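> prediction below, plus the sequence it came from.
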Amino acid sequence: MRRKDREVIDPVKIADIINRCTCCRIGFNDDGQVYIVPLNFGYEKKNDTYVLYFHGAKEGRKVDLIHKSPEVGFEMDTDAVVYTLNEDGAACGYTARFQSIIGNGILSIVTDFEEKKQGLLLLMEHNTERKEWDFNEKMVNAVMVFKLEVTNMSCKEHQ
């Protein structure tokens, strides 16, 4: 990271930033072109590794790319605010506060029924803050659940 003064390395703060993010953008390599998909997500930390869960349709470009090239990049951010550094509001006198996380990982489709339910539960909890949800078999089987096992990431903030 070029701006070491903005790097966040405290695991508690990183977890807080992830918790406040509502969208994770996944970047796929599609034969030399970047295909970016914004997604709601849920997550958990397993053995010091973040695992992000998503859901979606069972077919389409995203599914094809998961099979073709599961190595992806991702980005999430929160608390972006643009403000002026000077009273006259001159051009180039603005900056932004933000917190962001970027990284890489491996995407895979979840096939185990119980893990699919767990992934959906984490997704719903993250997006609603409600922990109790019931998923019947028809609901779980109607969607594809996939996960991103993070291989590396960096966290940055400008306050």
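Cool, the structure landed.

> which ones are touching Lys13?
Contacts for Lys13 (CB atoms under 8 Å, 6 or more residues apart in numbering) come out as Cys155. All C-beta atoms are positioned from the backbone trio N, CA, C, and that covers glycine.

> looks to me like it is in a helix.
Yes: remark: Lys13 belongs to a helix, assigned using DSSP: H, G, I helix; E, B strand; the rest coil.

> distance check, it against Gly103.
The gap separating Lys13 from Gly103 is 16 Å, by CB to CB, to the nearest Å.

> and the longest helix for this protein?
helix 113-128 (DSSP state H).

> quickly list what the spatially most central residue of the chain is bridged to.
The centre of the chain sits closest to Cys24, judged by CA atoms, centre = their mean, with a distance of 3.0 Å. Beta-bridge partners for Cys24, by DSSP bridges, are Leu39.

> quick one: pLDDT of it?
If you check Cys24, the pLDDT there is 98.

> stretch 104-121: which residues count as buried?
Using 16 or more other CB atoms under 10 Å as the test for burial, stretch 104-121 gives 105, 107, 110, 116-121.

> having no further points to raise, I will conclude here.
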